[in-house]
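Asker: Can you look at this prediction? I've put the sequence above it.
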Amino acid sequence: MVQSSVLGFPRIGGQRELKKATESYWGGKSSVEDLLEVGKNLRAKNWTAQKEAGVDIIPSNDFSYYDQVLDLSLLFNAIPERYTKYDLAPIDVLFAMGRGLQKKATDSTPAVDVTALEMVKWFDSNYHYVRPTFSHSTEFKLNTAAGIKPVDEFNEAKALGIQTRPVILGPVSYLYLGKADKDSLDLDPISLLPKLIPVYKELLAKLKEAGAEQVQIDEPILVLDLPESVQSKFKEAYDALVSSDAPEIILATYFGTVVPNLKAIENLPVAGFHFDFVRNPEQLEQVASILNGNQTLSAGVVDGRNIWKTDFAKASEVVNKAIEKVGKDKVVVATSSSLLHTPVDLETETKLPAEIKDWFSFATQKLDEVVTIAKNVSGEDVADKLEANAKSIKARKESSITTNPKVQERLTTINEGLATRKAAFPERNAEQQKKYNLPLFPTTTIGSFPQTKEIRVSRNKFAKGQITADEYEQFINQEIENVVRFQEKIGLDVLVHGEPERNDMVQYFGEQLDGFAFTTNGWVQSYGSRCVRPPIIVGDVSRPKAMTVKESVYAQSLTKSPMKGMLTGPVTILRWSFPRDDVSGKIQSLQLGLALRDEVNDLEKAGITVIQVDEPAIREGLPLRAGKERSDYLNWAAQSFRVATSGVENSTQIHSHFCYSDLDPNHIKALDADVVSIEFSKKDDPNYIQEFSDYPNHIGLGLFDIHSPRIPSKQEFVSRIEEILKVYPANKFWVNPDCGLKTRGWTEVQESLTNMVDAAKDFRAKY
Ligand code: 39S
Ligand code: ZN
């Protein structure tokens, strides 16, 4: 009997219970016990759902109160000293590292003021992990202050009668995905491996003692281009970790092919491997050849990254090929990656048209998929399920919803001319300077202002028909006016309307574009307690009518300062939606580019002549390995952006914005935006700043971290600007936060922005 396996399950809960509990704890509205109780119930629920679905290999330690990588930093004692000075409870240390902490002193406790660790994208997904941050004084050991999470959760499941397979990020990936702290920039994290291995050994021994037979150790960096010096570390690590004192190790990779790194894993003494055959089915041939005859081959055939129903026939074919190579008793049918990246349950979607809903499969449905495929390849009778599945797959292929001949025809009109501005940057810049007459160090924000409880409640009422469209519009207009008046008061130069009307920067557009479906409860964790509801691209995309003009025009009518129109770019809409799998990313992105071009042109016509088209996801979309696929991507990504933004006059100023990733300035040059703003406040490496000084157009290097409630002082802004000015020229220097302010509260925003603008004014006086 071929076994079925899941690499990880979403932990936020079907009704975002975890989000609500964490935010309530942070807000001082509930106790830590309440939070832990919610966590415990969610874990039990997830394990039980998997058990009941018939999944053979069920993960544990896939749960986290913030981020699974951050959990390891806490457990391994990789806690920078600045978080250890306040006598915080372990879970508060965890949250302080994840989101920073600032607390006024009380009679009994000292003031606390620490920034968060850097948060970056998890490979090419929209999930963010907290970057392990090491210094020369990092001393790895098992930090048992809060128990030993992987062991405790294993025992918790066992007590429910469920045997699980703990999941842990492997030591090579853990170090490689980390970075040196600012006081130890000469430290190469991977050099810490010999010090880390004994701690993993100790942890594995404890899991074995607790009764774990197998562990899933993830080494996702094996799908990246790795230097020889890192490739060789796998042998060193796994020769040491495999032992009779440790559970069997299944080494898991996902999100790509390991073939270029085959050497790194071919003689590892592990009990088996997991590979992603959704992304790269062709790697089967080569990966099967390195197995030693005793090793398990876990075949990832159910997509952990998208919501389309698995084609049972196709998936079974891949698994059968694997069986041919290594034998039935050595193959496991698995999800391609953790299901963290998919919404919890399709059943709770009551508003999706039945025809479309039948094409989807969310995490809960995917449990049944792995089980069914495993049964099928084992020779069990699942004929009715196969038949129903084949019917859905065929219906989607033949549906008229997916094709729009007009869109396809318009796509053929795209050429270089359509994707090129009328003049080059120097000429545009001169015209823009004449038109707007902005001072040196112009100040602006990235677009969103606090999405308050009040705003969300009002939108919710409108959606439920409890208030009228007029009432909702009036409410939104009042919000816009407040945001405009505030910006005028503190003296910002280029204003925004604050986006109170938007639920999310991608979903908002998805809901207005043709070719999309959207969910009412399809939440996916993005970082910490924050979730997104990715819209789903089901067919050819077009824009039936203007999407943002009304709010921008209203905002501009309130002020003489330039008002920025705010759009999300084609690549980002594509990346943060669930994309089609029947059409290339390039085609979807160009269709979005055309739809947005209409919007940009409409904004300009309506008098909005500073327009920001955000592309924060452009970097994460970069194929994980260098090569033709990557250069192709960069070409079509930039082309889509330029299709969207090149229909305007020279004097119209196009902005763009990027965040969440290490950015290569070369990748954004090709967009030819007049002004870009990038996340920068957590970048400490002077070489990184240097790289941006060659960027030809204007650039705003983000000056404060918007993920943290912490308020930087004016002096802090001054110091940071001074530091950047050492390598970055004053005449291209915009002043702005790292990113949009929607997740922050008004008090923090008011103080931070005031300090930021005041600092800019000082420099203006000096230069
Ligand atoms: N990806 C996307 N799609 N969007 C982004 O902004 C980003 N930014 C980056 C990278 N990836 C992104 C970082 N990620 C949020 C989410 C992701 C982020 C940053 C921020 C965020 O703030 N999410 C909100 C959250 O988790 C939800 C936003 C949303 O869709 O809290 N809100 C809806 C709305 O405003 C629904 C709000 C809601 O919860 O309409 N309503 C309540 C309910 O449904 C009812 C109202 C209430 O009582 O509060 O229960
Ligand atoms: Zn951003």
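Answerer: Right, received. Where do you want to start? Ligands and ions are numbered 1, 2, ... in the order given.

Asker: When you work out contacts or count neighbours from here on, use the C-alpha atoms and nothing else.
Answerer: Noted.

Asker: my read: residue 31 touches residue 25, true?
Answerer: Yes - Residue 31 is within contact range of residue 25, at 6.0 Å (criterion: Cα atoms under 8 Å).

Asker: How about the closest residue to ligand 1 within the stretch 551-700 of the chain, nearest residue that isn't a chain neighbour?
Answerer: Closest to ligand 1 within the stretch 551-700 of the chain is residue 576: 5.3 Å, counting by Cα to the nearest ligand atom. Spatial nearest neighbour of residue 576, excluding adjacent residues (Cα to Cα, 6 or more residues apart in numbering): residue 534 at 6.0 Å.

Asker: Confirm that neighbour sits in a helix?
Answerer: No - assigned with DSSP: H, G, I helix; E, B strand; the rest coil, residue 534 falls outside any helix and is coil.

Asker: Please report how far residue 627 lies from ligand 2.
Answerer: In this view, residue 627 and ligand 2 are 27 Å apart by Cα to the ion, to the nearest Å.

Asker: Burial check on that residue, number of neighbours?
Answerer: When neighbours are defined as other Cα atoms under 10 Å, residue 627 has 9 of them.

Asker: What of residue 109?
Answerer: That count, for residue 109 with other Cα under 10 Å as the rule, works out to 11.

Asker: Next: the one 10 residues further on.
Answerer: Applying other Cα under 10 Å, we find 21 other residues in the vicinity of residue 119.

Asker: what does residue 290 give?
Answerer: Neighbour tally, residue 290, other Cα under 10 Å: 15.

Asker: And it, how far from ligand 2?
Answerer: 42 Å.

Asker: Repeat that for residue 492.
Answerer: Taken as Cα to the ion, the span from residue 492 to ligand 2 is 19 Å.

Asker: could we number from 17 for the rest of this?
Answerer: All right, first residue 17 from here; so that's residue 508.

Asker: Can I take it that that residue is in a helix?
Answerer: No - per three-state DSSP, residue 508 lies outside any helix segment and is coil.

Asker: circling back: tell me, what's the model's pLDDT at the residue of the stretch 567-716 of the chain closest to ligand 1?
Answerer: Per-residue confidence (pLDDT) for residue 592: 97.

Asker: Provide a list of residues in contact with it.
Answerer: By Cα atoms under 8 Å, 6 or more residues apart in numbering, the contact list for residue 592 reads 142, 522, 550-551, 633.

Asker: Let me see the residues that make contact with the helix or strand that contains residue 769.
Answerer: Using DSSP states H and E, residue 769 maps to helix 762-782. Identification of contacts with helix 762-782 by Cα under 8 Å, 6+ apart yields 455-459, 466, 506-508, 725-731, 733-734, 751-752, 757.

Asker: now, the most widely separated pair of the contacts of residue 592?
Answerer: 551 and 633 (15.2 Å; Cα to Cα).

Asker: and residue 617, that one's in a strand?
Answerer: No - under three-state DSSP, residue 617 sits outside any strand and is assigned helix.

Asker: Name the SS class of the spatially most central residue of the chain, please.
Answerer: Residue closest to the average C-alpha location in the chain (Cα atoms, centre = their mean): residue 142, at 2.0 Å. Under three-state DSSP, residue 142 falls in the coil class.

Asker: so what's it closest to, chain neighbours aside?
Answerer: Residue 142 sits nearest to residue 542 (Cα to Cα, 6+ apart), 6.0 Å away.

Asker: where does residue 316 land in three-state SS?
Answerer: Here residue 316 is strand, with the state taken from three-state DSSP.

Asker: which residues does it contact?
Answerer: Counted by Cα under 8 Å, 6+ apart, residue 316 has contacts 290-294, 349-353.

Asker: buried ones in the helix or strand bottoming out on mean pLDDT in the chain?
Answerer: Lowest mean confidence among the helices and strands of the chain (mean pLDDT, DSSP states H and E): helix 702-709, at a mean of 78. Across helix 702-709, burial judged by 16 or more other Cα atoms under 10 Å covers 705, 708-709.

Asker: Can I get these in CSV including distance to residue 489?
Answerer: Output for those, formatted as CSV (distance: Cα to Cα, whole Å):
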residue, distance to residue 489
705, 43
708, 41
709, 43
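
Asker: Distance-wise, check the residue of the stretch 567-716 of the chain found nearest ligand 2 relative to residue 758.
Answerer: Ligand 2 sits closest to residue 675 of the stretch 567-716 of the chain, with a gap of 4.5 Å, by Cα to the ion. Counting by Cα to Cα, to the nearest Å, the gap from residue 675 to residue 758 is 15 Å.

Asker: what do you get for residue 250?
Answerer: 42 Å.

Asker: try residue 534
Answerer: Taking Cα to Cα, one finds residue 534 at 22 Å from residue 758.

Asker: Ok, residue 480 next?
Answerer: Distance from residue 480 to residue 758, by Cα to Cα: 23 Å.

Asker: what does the stretch 367-516 of the chain put close to ligand 1?
Answerer: 469, 472-473, 475-476 (Cα under 6 Å from any ligand atom).

Asker: Mind checking which of the residues you listed land in helices?
Answerer: Using DSSP state H, the members of these that fall in helices are 469, 472-473, 475-476.

Asker: Would you mind listing what in the stretch 667-783 of the chain touches ligand 1?
Answerer: Counting by Cα under 6 Å from any ligand atom, the stretch 667-783 of the chain sits next to ligand 1 at residue 759.

Asker: Count the neighbours of whichever residue of the stretch 667-783 of the chain sits closest to ligand 2 for me.
Answerer: Using Cα to the ion, the closest approach of the stretch 667-783 of the chain to ligand 2 is made by residue 755 at 3.7 Å. Using other Cα under 10 Å, residue 755 has 25 other residues around it.

Asker: And residue 83, by the same measure?
Answerer: Residue 83, neighbours per other Cα under 10 Å, totals 22.

Asker: what residues are up against it?
Answerer: 145-146, 543-544.

Asker: If we check ligand 2, which of the residues you listed are in contact?
Answerer: Taking Cα under 5 Å from the ion as the test, ligand 2 is in contact with none of the contacts of residue 83.

Asker: quick one: the helices in the stretch 267-416 of the chain?
Answerer: 278-281, 300-306, 328-342, 370-373, 379-394, 399-414 (DSSP state H, counting those that start in this stretch).
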